[in-house]
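Asker: when you get a sec, could you give me coordinates for this:
(chains A and B)
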Amino acid sequence: MSIIIKHWRSTGLPSNFNLRIWRLHSTNADVAAKKGEEEEEFRVLDILKKRDRVQRRVARRNDVQPDRAERMAPDQNWGNVWPGPKTFHPSSVPLPLHQGYVPKGQAPPGKKANAELMKIPNFLHLTPPVIKAQCEAIKQFCTEWPKQLNSEEAIETHYPVEIISSDYCHASPTIRNPLSRIVTLRVKLSTLNLDKHSRDKFLRLVGDRYDEQTDLVTITADRCPVKKQNLEYVDYLLTACYHESLNVEEWEKDKTEDDMEYYDWHKNASKKSLVQWFLRTNNEVCDLNDDDYVQYDVSQIPNAEGYEKAVSSLMNDGESEETVNNYAIAVRKLLGVPEKKIVT
Amino acid sequence: MYSNIILPTRWSRFTCFCRSLSSIEGQKLPQSSKSSDGISPPPRIQRGPTDILQALASTVGPDPTAAHYKYHDDPYLIPLSNYRKRAYALSAEAGRKAAAWIRDEHAELFTTREWDPPGKTKTPYFNADPKIDAFTPRPIYNDESTVTEEDLKHTIQNALLEDSVKVFQLLGGIDGVADYNLKLSFLQLLCFYNEKEPDSMEWLEERWFSANTRDRHAATWKLGGLADKIFASLEQKTSEAYCTIIQGMAKHYQAKRAHMLCQEAIEQGIPLSTSTFNGLLGCIGFLKEGTSLRVEALKQLLAQMEEQGLTPNEETLTSCLRSISAWGGGKILQQLAQQIIIEFRKLGIQPGLSAYYYLLCLYCKERGPRIDILSIILTDLEKREKLIPQDVTDTNFFITAMGVCSDHLQNINLAERLHALLMKGDNYKLVGDAYKESIYYRHFVTVACRHASFERTTQLLDTLVPNVYVPEPTVMEEIIKTLEVAGAGDRLAQAWSQLVVFGIANRTKLVERLLQAMCNCYEYQSDDIKAKIRNAASDIIKYGQLTDEEIQNANKQDRRSPQQKLSADAMANIVALCSDVKEKSEPDWDTVSEALNRLKRNEAAGVPSKPQVLADMAQTAASMGKLGIAATALKYLAECGFEEAMPASVQTLGVILNRPQQDVETMLQQRGDLERTLHPSALAVLDAYYLAKSGGTSRDAASSTSSESDNESSTSDDE
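Answerer: Now for the predicted structure:
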């Protein structure tokens, strides 16, 4: 008996269930059909009734106060309202600001809910009165400026060494920036007491750190992790280079013409040829050795000084239209060839 | 080294060019004291690491429109009620606490440091970023951990009481720790905190909003606790050990043991410190009963101090006065206090804020005679350049002094002086905590409302409310009174929105008081302010409705405080305010009818005390064609059995029919005729008349007809 009952139940329940589902479905279809008449849409089987679920209304708070910008007195101290750098906030800035894309025939978007205004960094915390007040406040930590350092030139003569370093300010978990360790030292070469030899040696030591146009030697150090260490290191570098350039080593005497850093006309073949040519034209015997050539006074030779200059500048300054022209003129003068005539 | 680190792009970079005076032959540093040669810079002015920041901060003053900086500067997030202030600040701190909890739970995840290049994380100090102890996870001590005396030192230095006790036990207890100094410092820690974990210094907001504002003045010292045991176990009891245990006991009011130990030490010839005696002086009240005995004990202790060759300090004065002020009032004690102060002055010891606080407690009793010692105290304090906090009770001074200004002396000038002193320099930190701050301002605003000029009061309210201080209901009532007296209708209308914002709009008494104040100064306001007041009045009714709906929604959740009803007087006030309009189409009439309906449905407590208001309103309503409202008002009057009902209904009928009063009275003699000719809503007025005439006997019948006529009247109104 019990088995039968069970069996009956087992068959009965699903059928009931089916029936219910069917009914549900039919009502759904009815609803959908009604909707479909209104808006032409595919009917969707909505079993969970997601659509009909009423969205919970979010209660609006009724105690939100108006913007505090409206309560601000016109003669307030703005520095108190906006004391430090921060992102723009419309409710605390009493200005009718507009920013952003302008649709045709409309005003630009206002300050509320305006991401454009929030994106750009603002300087509302650095108004002129605030800057003035802050300067007054930190004046107590400032010492007097030395009186004689009243011009750029005075500063340059008294403080020839220039140190350049950077500090960084940014929003991240750490206030430290590895780039701030880099230290650059600049000094004018003319301010260093160097003679001809030591100057040459110094330039060879610093290599491309010397800029001829500005006469500046720039030494940069970034190999130590901390700025102070780098600072000490550039100091050391300058000192070491300077003192090394003052030394004269034994092997420096072995310097040949090929090692010269500039073209010395007196030591070169050009002078030799000139002297030989001059002696030959005067039918003199030329039995000079190398030293005699160097010592030979070219002022006896007419126009030789101009030639010397032209050759030196051609070799030292490089080949350009001007130097070549000068050379041509000097050679014509030397050889007594008439000047070049420009045919018009 | 840093080449593989991606650098964020938003940096501002300050490049500094500096020229240093350095000749090549060796650095010539500016050593001379002055720039005597006019070339070398003068010596650097010495400054601390935060001096510049403080100088810059001193240029920023208070901003009355802004909330405290710990809150977000946004209209939706600026807290305007005391509850919200507390909730927002504590929620922010709860976030920090959660972060700290995660840090401690998962300590192994927080070993990497910023800017540590990947792959090099094992190296302890690879870069210039310093290790900050506060950001690192705390060590956890449990039964399994192996500890050394170093751990004990560390926990003692950081005042981690429970951890230090654990470490102490792990080290083997009293016998395990051999180092005498370590034992002593552990004893000091235990004595100072009475073996209770102190509130962490880290959670500022919790301390600010904590409710335990008053210490318990009871013997809380743990007898036979670890401190006692350690002290007993010390083989050689030095003066330091005695001082420690005596001060600990005195601090936690175990007076008898403390005095016993003190005598013991003196007998053994062990020198005691001044602060030990200060502690003992502070707990004399727990030792002896009766004023004379106590005074004697006090003097004896002071004499003992002298015997020991100890010079008293400011703390001695404070603890003497503390003891005296705790023994009640009376001339004798006041004179004693005066003597003590004079003697200490001779020694060159000036009383601090705590001493003055105890003096105020002693002199300015609530029901005692008025003694103006506050002005002397203020003159003294104003002379001082800086008020240096020395004692925990220093924070009690300003709140007590303001209380004295408000309740005892009722003097606004003193209150202003006191407030100026609090605002001077860095003194605001002496205000204590949130609770004390709010009491301070409660007293200040109360005394200003009562005794200051109206301009000053409003100026004060504008700067304080709501960002610094949110008035409590009692203070709000005081403010409303002041506004009423000054006849500031505009501010009264604002006061309602303030009530809503402060979260005290459901205080029925306050709202009733506000309505009454509005009514009282309604007449002599300009038209636009009148409109504002009417708006506020209708808002009050609507606010009630809103909460009614909410109650219906949340009916099943049991509400602990059921909404109190506004009184009938308040309703009558609303009716009086809102009926003063010139147009039939004004929305204020809806408010009037709503108020009347509430009166009729008995939703307002009591009956109106001035029924004439309703009678007058009925006439006005009738003259504007709002017959339904007029009829409802008259019927209500009649039902309540007011005498005014009858003449009022006659007059109203007169207005409706446009006849003089006598005519109406004669017409009323023939009831049937009138009933046939009248408009149904006028009939309701007639009903009211007969009801009033019969003295409310046929109440049931009247109410049934009235409801019918009501419906009709309302429909006719809509037309």
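Asker: sec struct for the residue of the stretch 501-650 of chain B found nearest chain A, please.
Answerer: Chain A sits closest to B:V501 of the stretch 501-650 of chain B, with a gap of 4.6 Å, by CB to the nearest CB. Just so you know, the C-beta spots here come from the backbone N, C-alpha and C atoms, and that holds for glycine as well. Following DSSP: H, G, I helix; E, B strand; the rest coil, we place B:V501 in the helix state.
Asker: find me the pLDDT at it, would you?
Answerer: Per-residue confidence at B:V501 stands at 83 (pLDDT).
Asker: next one: B:Y524
Answerer: 85.
Asker: hmm, B:A486 and it touching each other?
Answerer: No - using CB atoms under 8 Å, B:Y524 is not in contact with B:A486; the gap is 11.8 Å.
Asker: compare those two (neighbour count), which wins?
Answerer: Comparing B:Y524 with B:A486 by other CB atoms under 10 Å in any protein chain shown, the one with more neighbours is B:A486, at 16 against 9.
Asker: how far away is the more buried one from chain A?
Answerer: B:A486 sits 21 Å away from chain A when distances are taken as CB to the nearest CB, to the nearest Å.
Asker: distance of the closest residue to that residue other than its chain neighbours from chain A?
Answerer: Closest residue to B:A486 apart from its sequence neighbours, by CB to CB, 6 or more residues apart in numbering or on different chains: B:F454 at 4.4 Å. Separation of B:F454 from chain A (CB to the nearest CB): 19 Å.
Asker: burial of B:F454, as a residue count?
Answerer: Neighbour count of B:F454, defined by other CB under 10 Å: 14.
Asker: just the pLDDT at it, thanks.
Answerer: Confidence score, pLDDT, at B:F454: 92.
Asker: what about the helices in the stretch 201-350 of chain B?
Answerer: Secondary structure of the stretch 201-350 of chain B by DSSP state H, counting those that start in this stretch: the helices cover B:204-209, B:226-233, B:239-251, B:255-267, B:274-282, B:291-307, B:314-326, B:331-346.
Asker: tell me which other helices or strands the shortest one touches.
Answerer: With contacts defined as 3 or more CB pairs under 8 Å, 6 or more residues apart in numbering or on different chains; DSSP states H and E, the packing partners of helix B:204-209 are helix B:82-105, helix B:434-451.
Asker: equivalent analysis for the fifth one, please.
Answerer: If you count contacts as 3+ CB pairs under 8 Å, 6+ apart, helix B:274-282 packs onto helix B:239-251, helix B:255-267, helix B:291-307, helix B:314-326.
Asker: what's next to that helix, contact-wise?
Answerer: B:242-243, B:246-247, B:249-251, B:255, B:258-259, B:262, B:298, B:301-302, B:304-305, B:308, B:310-313, B:315-316, B:318-320, B:322-323 (CB atoms under 8 Å, 6 or more residues apart in numbering or on different chains).
Asker: gap between it and the chain center?
Answerer: 34 Å (CA atoms, centre = their mean, to the nearest Å).
Asker: what is the neighbour count of residue 199?
Answerer: With no chain named, the answer covers chain A. Counted by other CB under 10 Å, the residues lying close to A:R199 total 16.
Asker: please go with chain B instead
Answerer: Neighbours of B:D199 (other CB under 10 Å): 11.
Asker: helix or strand: which one has it?
Answerer: Element membership of B:D199, judged by DSSP states H and E, is empty: it is in no helix or strand.
Asker: tell me the contacts of A:L97?
Answerer: Shown in contact with A:L97 (CB under 8 Å, 6+ apart): A:P90, A:G110, A:K111, A:N114, A:L117.
Asker: excluding its backbone neighbours, what's nearest the spatially most central residue of chain B?
Answerer: What sits nearest the mean C-alpha location of chain B, by CA atoms, centre = their mean, is B:S438, with 3.0 Å. Distances taken as CB to CB, 6+ apart put B:Y469 closest to B:S438, at 6.4 Å, once the chain neighbours are dropped.
Asker: how about the secondary structure of the one you found?
Answerer: Judged by three-state DSSP, the three-state class of B:Y469 is coil.
Asker: contact partners for it?
Answerer: B:E437, B:S438, B:Y441, B:R442, B:V445.
Asker: tell me which parts of the stretch 201-344 of chain A are close to chain B?
Answerer: Proximity of the stretch 201-344 of chain A to chain B is confined to A:P225, A:V226, A:D235, A:L238, A:T239, A:Y242 under the rule CB under 8 Å from any CB of the partner chain.
Asker: mind giving me the PyMOL select for the contacts of helix B:274-282, buried ones only?
Answerer: Selection of buried members from those for PyMOL, criterion 16 or more other CB atoms under 10 Å in any protein chain shown:
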select buried, chain B and resi 242+243+246+247+249+250+251+255+258+259+262+298+301+302+304+305+310+312+315+316+318+319+320+322+323
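Asker: just the helices in the stretch 351-500 of chain B please.
Answerer: Counting by DSSP H, counting those that start in this stretch, the helices of the stretch 351-500 of chain B are B:353-363, B:374-383, B:396-403, B:412-423, B:434-451, B:454-464, B:473-486, B:489-502.
Asker: do whatever helix or strand comes next after the last one and chain A meet at all?
Answerer: To tie it back to what came earlier, the one meant is helix B:489-502. As assigned by DSSP H and E, the chain's next helix or strand after helix B:489-502 is helix B:508-520. No - legend: contact between helix B:508-520 and chain A by CB under 8 Å from any CB is lacking; minimum distance shown is 15.7 Å.
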